[in-house]
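here is the input, now give the coordinates:
(one chain, ligands or ions: 1)
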Amino acid sequence: MEVSDDQRICDAEDVPEAGTFLFTYRDGFDVEEALLVRLGGGDDEAGIACWKNYCQHWTDVRLDKGDGARVRDGELWCNKHAATFRPDDGVCTYGPCEGAVLDEVEVTVHDEGVYLTDDRYEFDGLGPDGDRDLSTGSPGGRIDFTGS
Ligand code: FES
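Got it, this is the predicted structure:
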């Protein structure tokens with residue numbers, strides 16, 4: 001896989017053992033978020049996966065709200081209704097969207113760096129999308145009548 005410096009996201013060691021690393025990418029004129037998650041805690045070249053930063057239950061709910069998504073017992077969690085996802089293949093193993101699959105973004109670990117190698121997208125920047133309202137945790141500011 002060929003990588004280019006302008007598609008370098010971060011050092012592989014920046015991706016936490018228990019959490020996620022958030023970045024933004026450009027899809028045409030749109031800026032979207034994706035998260036990196038470490039697989040199995042190893043340092044092998046296939047040890048990091050990348051998923052678009054939204055749940056498969058409600059796609060306006062972000063998994064990583066800017067301070068890392070919850071990763072527990074090897075699974076990625078959605079804090080809204082406790083769906084869990086396998087980091088390696090993105091499959092929801094429990095919760096209201098069980099069986100659904102997170103949307104993947106292709107990345108490659110090369111020479112201790114993580115590179116965006118998905119032909120559809122361009123790397124934009126680190127951290128959350130600055131246009132988001134972080135107080136709600138969702139881009140549309142969903143009004144939640146459950147009080148949760
Ligand atoms: S929004 Fe993620 S489980 Fe409901």
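
nearest spatial neighbour of Leu63, chain-adjacent residues omitted?
Nearest non-adjacent residue to Leu63, counting by Cβ to Cβ, 6 or more residues apart in numbering: Ala69, 4.3 Å away. Just so you know, the C-beta spots here come from the backbone N, C-alpha and C atoms, and that holds for glycine as well.

residue contacts, that neighbour?
19-20, 35, 37, 63, 76-78 (Cβ atoms under 8 Å, 6 or more residues apart in numbering).

any idea how many residues pack against the closest residue to Arg120 other than its chain neighbours?
Of all residues not flanking Arg120 in the chain, Asp27 sits nearest, at 6.7 Å (Cβ to Cβ, 6+ apart). Using other Cβ atoms under 10 Å, Asp27 has 14 other residues around it.

and Asp27, what's its pLDDT?
Reported pLDDT at Asp27 in the predicted model: 97.

these two touch, right, it and Asp124?
No - using Cβ atoms under 8 Å, Asp27 is not in contact with Asp124, being 9.5 Å away.

give me the element the most centrally placed residue in the chain is part of.
Centroid-nearest residue in the chain, with Cα atoms, centre = their mean: Leu35, separated by 2.1 Å. Taking DSSP states H and E as the criterion, Leu35 maps to strand 30-38.

repeat that for Leu76.
Assessed by DSSP H and E, Leu76 sits inside strand 75-77.

partners of the helix or strand bottoming out on mean pLDDT in the chain in the sheet?
Least confident helix or strand of the chain, by mean pLDDT, DSSP states H and E, is strand 71-72 with a mean of 92. Sheet pairing of strand 71-72 (DSSP bridges) gives strand 75-77 (antiparallel).

hmm, who's touching the partner strand?
Counting by Cβ under 8 Å, 6+ apart, 20, 37, 51, 63, 69-71, 83-87, 93, 102 sit against strand 75-77.

packing partners for the strand holding Leu35?
In terms of contacts (3 or more Cβ pairs under 8 Å, 6 or more residues apart in numbering; DSSP states H and E), strand 30-38 is packed against strand 21-27, strand 48-52.
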